Structures are given as structure tokens and as C-alpha cells.
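Engineer: got a predicted structure here, sequence first:
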Amino acid sequence: MKEKDFLDFGYKPKKNDLICLFRIEPAKGVSFDKATANVALESSVGTWTEIKEKDYVREIAAKVFWKKGNYVKIAYPARLFEKGNVPNILSSIAGNIFGMKAVANLRLEDIHFPDSILKSFKGPEFGVEGIRKFMKVYNRPLVGTIVKPKLGLNSSDHAKSAYESWMGGCDFVKDDENLSSQDFNRFDIRLAKTLKMLRKAEKETGERKAYLVNVTAETNEMLRRARLVKKLGGRYIMIDILTEGFGALQTLRDANLGLAIHGHRAMHAALTRNPKHGMSMMVIADFARLIGIDSLHIGTGIGKLEGKIKDIKEIEEEIEDKRVKETMKRLSQNWGKIKPTIAVSSGGLHPGHVPFLIKNLGKNLVIQAGGGVHGHPWGSRAGAMAMRQAVDASMKKIPLKEYAKTHPELKAALDYWKK
Ligand code: CAP
Ligand code: MG
């Protein structure tokens, strides 16, 4: 097939096509159409030179069918991919193409999955409703913290820190992304001690609590750790979805352990941060939902990390809604029977940020603060109390400053982290 055979601007995508939205900047001296055709051929049936393909191969070639400015849509017949195999899909639509000389920059913005591919994945086991049900929290965002310092605490102090946070009002306590089973804090010991504290906190507060223990490890060890969580009565695990890899994530989900899975996105910015190249967080979120992550970090729009609130809101819709509308940088999607994933905002947050988050992202949200809980001048318990107070005030639409008059922990937090 020739390059131009991959361009078909009259083509109407079929129900069974997977569609990708790319932003393309051709290399110097290369026309836009040539660069685009090269992306379509390399990501489907073509190569750098013409091959005399048989007709049945030509039939499943990708087609560039739409362009506007730097944006193009490419349709891929679903038969190009093995069902239920995320690494395989990515090796096509997000594989060699990023390094092609024909493009100066190439960014995969979003993917629309046809039904046949959706059906080959499990999606989240719990979803937003399931998580709310087992946490027994229905009408407010969930509040989480990350044990800090992120590395270095021994398992006893880790468990104590978790206990303090739960007692102050956190629903979730999670490990940090780079805590696994270092010699100062072995996984099995930490898990046992922290779950013991969880039960104590549940008894004393009358609230449901969850410990999101980080099972990120080599694949067999990852599964062993997840099974141990199940055996010891845990309900939730967390995993670094990108450093672990999508294949391993599928293995974990397919093990059907009945544990909710929290997805941390460490390393995402290596792929997502350059707005002209790589892939968007939307794409990573798509695969996380498809495979079965129950709660996923999507950004904050405020605080220490990069990311615009408008883009974060669009990602939240992508993972939480059943039907998603097309926008400038997003394709439409009907998620069918795939359950939603609850959005998590984390990174540089403290109680003063809560009204902004709820106003922009609504209540189907996990608001997580590590430094913003443990850095409270009166300690972790007061920090957790201040977070819950900020959530309560925001849900009642009471300005934080007003609420702080009768809630000293919140007042101390607001004074400490003045904007
Ligand atoms: C938050 C956090 C998360 C970041 C990652 C941290 O801690 O645990 O790893 O949220 O960013 O270590 O930074 P702080 P994202 O509350 O102390 O900042 O959620 O955007 O992937
Ligand atoms: Mg972290």
C-alpha cells in the first residue's frame, strides 16, 4: 500500500472501529498529510516501503478520516487488535509512531473504544457506587491521606500514623508510591500492623476505614502481596499503574480477589507533560478504567503539581460518566457496562484547597492530602480533622473562614497554610 492509501477523508467510521485523536506536527519539509499517513501506516499494517499486501490485509488498514488544524482522527478496524490485551493495543496506537522522523511532534489525545473491545475487559469491580457502599459514605467526597514521610518510617510508626489519620477523620490511608518492602518497613509486617490499627480505628470511630497498601512489585510478588491483603481481611490495595505496567495490572484485576484497586500514576508526566508529544492523561485514564482501577489519581488543578482544572474536569467525566461527549481534545464514549472509576485529587493539597476542588470536581471525588495532613502544626490527627472539617463546611456551603471560628483545627491549618 502507498502512503496515500491510508488517507480517506470520505470514510465514515464503522461501529467496530477504534478511533484515535492525535495532534500531529510534521517534520520540517514533510507535508501534514504525509506525516499523518505515516502515523496511520506504522500503527496498522504498513511499513517504510511499499509492500504488495493481499486484499484482506488492505481491508484492515487504518484510515485517516478527519483533520482540523493539527488534529486528526484515525479509524482502526477492531480486528487489528487482540481482544482483552492492552499492551497489544498500545504497541500499535502508541508504539513506534512517536519516534518516526516524519513527525516533529505527535501526541495521542484520546481513544474511542468500540463495543467489541470494551466487552473484552472487566472494568472496575466496585466502581463509584461500590466504593461508597463499602465505605458507607454517600454524600460527600472521601478524604484520604498518604503516610508521610513517604519513606523511612518503620512499620510500627507507619501503623500509628495511619491510626492517627483515621481517628482524625480520614476514610482512606494509603502508602506512598515508592514505599514497597524496604528493609526499614517490610510489606508483610506493615500490612499486619496497619490493618490491626484500622480495626481499632473503626471500632473507636464507628466509621468504615480503608488501608490502601502498595502492592507494586515484580508480578508474582505483586499477586502474593495482594492475596495476603485478602487473607488478612483488607479491602483495598494500591498500585503504581505505569511503573507496574498495564499487562501486570490486567493480571491483578483478572485475579478477581474482591479487593478495590487504587491507581497511582507515578511516571505519568514523562508521557503526558509535553502538550505536543507523548500521550494525554486522558488516554492513561481510559486504560485504567477499562482494565479495572476503582480510584485513580487525575490531578488537582491547584497545589504543587502541573495540570489545568479544565483538563482535569474532562478526565473526571471520562472516568466517572457512562456517556462521554466529544470536546476539542476528547472523543465520545459510551462505556456500556464498564463501571466508573472514582477520581482522586492528590498532590500539594491542604484544607484551604477543598472548596475549590468540590466546586470544580463535585462530590464524587477522593481528596487526598499527605503534607496537608501530617504537616499540620498540631500533628496528623488535627490535620485529618481539619480536612474533614473543610469537606463538611464546603458541603454545607459555609465559607472555611466562617467554619474555622468554631473549628480550631481548621483555623490552625488555614493560618498555617495562608495562600
Ligand atoms: C501526595 C502524593 C502523591 C501525589 C502524586 C505525593 O502527597 O502522595 O504521590 O499526589 O501526584 O507523594 O506527592 P502530598 P498525582 O499531599 O504531600 O503532596 O496525584 O498528580 O499523580
Ligand atoms: Mg506520593
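Structural biologist: Yep, it's here. Numbering: from 1, shown residues only. Ligands and ions are numbered 1, 2, ... in the order given.

Engineer: got the contact list for residue 235?
Structural biologist: By CB atoms under 8 Å, 6 or more residues apart in numbering, residue 235 lies in contact with 134, 210, 259, 260. For glycine as for every other residue, the C-beta is placed from the backbone atoms N, C-alpha and C.

Engineer: closest to ligand 1 out of those?
Structural biologist: Using CB to the nearest ligand atom, residue 210 is the member of the contacts of residue 235 that lies nearest ligand 1, at 15.8 Å.

Engineer: now do the phi/psi pair for that closest one.
Structural biologist: Backbone torsions of residue 210, given as degrees, to the nearest 10, read phi -140, psi 140.

Engineer: how close does the closest residue to it other than its chain neighbours get to residue 271?
Structural biologist: In space, residue 210 comes closest to residue 236 once its chain neighbours are excluded; the distance is 4.4 Å by CB to CB, 6 or more residues apart in numbering. Distance, residue 236 to residue 271, using CB to CB, to the nearest Å: 26 Å.

Engineer: which part of the protein gets nearest to ligand 2, residue-wise?
Structural biologist: At 4.3 Å from ligand 2, residue 176 is the closest residue in the chain, using CB to the ion.

Engineer: list the contacts for that residue?
Structural biologist: Per CB under 8 Å, 6+ apart, neighbours of residue 176: 146, 147, 148, 150, 151, 214, 370.

Engineer: sort out for me which of those are in strands.
Structural biologist: Residues of those located in strands (DSSP state E): 146, 214.

Engineer: highest neighbour count among the contacts of residue 176?
Structural biologist: Greatest neighbour count in the contacts of residue 176, by other CB atoms under 10 Å, goes to residue 147: 28 neighbours.

Engineer: backbone phi and psi for that one, please?
Structural biologist: The phi/psi pair for residue 147 (degrees, to the nearest 10) reads phi -60, psi 130.

Engineer: mind starting the numbering at 769 from now?
Structural biologist: In the new numbering, first residue 769, that becomes residue 915.

Engineer: now it. Nearest residue, chain neighbours left out?
Structural biologist: residue 929 (5.0 Å).

Engineer: using JSON lines, lay out the contacts of residue 1003 together with secondary structure, distance to ligand 1 and neighbour count.
Structural biologist: What follows is these, written out as JSON lines (DSSP: H, G, I helix; E, B strand; the rest coil; distance: CB to the nearest ligand atom, whole Å; neighbours: other CB atoms under 10 Å):
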{"residue": "902", "secondary structure": "helix", "distance to ligand 1": "23", "neighbour count": "14"}
{"residue": "978", "secondary structure": "strand", "distance to ligand 1": "16", "neighbour count": "25"}
{"residue": "1027", "secondary structure": "coil", "distance to ligand 1": "20", "neighbour count": "22"}
{"residue": "1028", "secondary structure": "strand", "distance to ligand 1": "17", "neighbour count": "25"}
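
Engineer: before we move on, back to that, what about residue 1004 and residue 1039, which has more around it?
Structural biologist: Neighbour count, other CB under 10 Å: between residue 1004 and residue 1039, residue 1004 has more, with 23 against 20.

Engineer: what residues does residue 940 make contact with?
Structural biologist: Residue 940 touches 910, 911, 912, 913, 977, 978, 979, 980, 1004, 1030, 1134, 1136, counting by CB under 8 Å, 6+ apart.

Engineer: which residues touch the fifth one?
Structural biologist: It stands for residue 977. Per CB under 8 Å, 6+ apart, neighbours of residue 977: 934, 938, 939, 940, 941, 966, 969, 970.

Engineer: what residues does the stretch 969-1118 of the chain have near ligand 1?
Structural biologist: 1033, 1065, 1067, 1072, 1073, 1114, 1115, 1116, 1117 (CB under 6 Å from any ligand atom).

Engineer: hmm, who's touching the longest helix belonging to the chain?
Structural biologist: Secondary structure of the chain per DSSP state H: the longest helix is helix 955-973. With contact meaning CB under 8 Å, 6+ apart, helix 955-973 is reached by 923-924, 926-928, 930-931, 934-935, 941, 943, 948-949, 975-979, 981, 993, 996-997, 1000-1002.

Engineer: tell me where the model's unsure across the protein.
Structural biologist: Applying pLDDT under 70 to the chain flags residues 1187.

Engineer: mind running it again at 80?
Structural biologist: 1071-1074, 1187 (pLDDT under 80).

Engineer: what does it put close to ligand 2?
Structural biologist: 944, 945 (CB under 5 Å from the ion).

Engineer: what ranges do the helices span in the stretch 819-968 of the chain?
Structural biologist: 823-826, 854-861, 883-886, 895-903, 923-936, 955-973 (DSSP state H, counting those that start in this stretch).

Engineer: give me the buried stretch members for the longest one, please.
Structural biologist: So the one you mean is helix 955-973. 955, 958, 959, 961, 962, 963, 965, 966, 969 (16 or more other CB atoms under 10 Å).

Engineer: residues in contact with residue 876?
Structural biologist: 788, 789, 790, 861, 862, 1046, 1047, 1048, 1051.

Engineer: try it again with 10 Å
Structural biologist: 788-791, 807, 811, 842, 858, 861-862, 865-866, 1039, 1045-1048, 1050-1051 (CB atoms under 10 Å, 6 or more residues apart in numbering).

Engineer: same deal with residue 1039?
Structural biologist: So residue 1039 contacts 862, 866, 875-876, 1010, 1033, 1045-1049, 1051-1052 (CB under 10 Å, 6+ apart).

Engineer: now with 7 Å?
Structural biologist: 1046, 1047 (CB atoms under 7 Å, 6 or more residues apart in numbering).

Engineer: so the closest residue to ligand 1 within the stretch 869-1018 of the chain bridges to which residues?
Structural biologist: Residue of the stretch 869-1018 of the chain nearest ligand 1, by CB to the nearest ligand atom: residue 914 (3.9 Å). Beta-bridge pairing of residue 914 under DSSP bridges involves residue 942.
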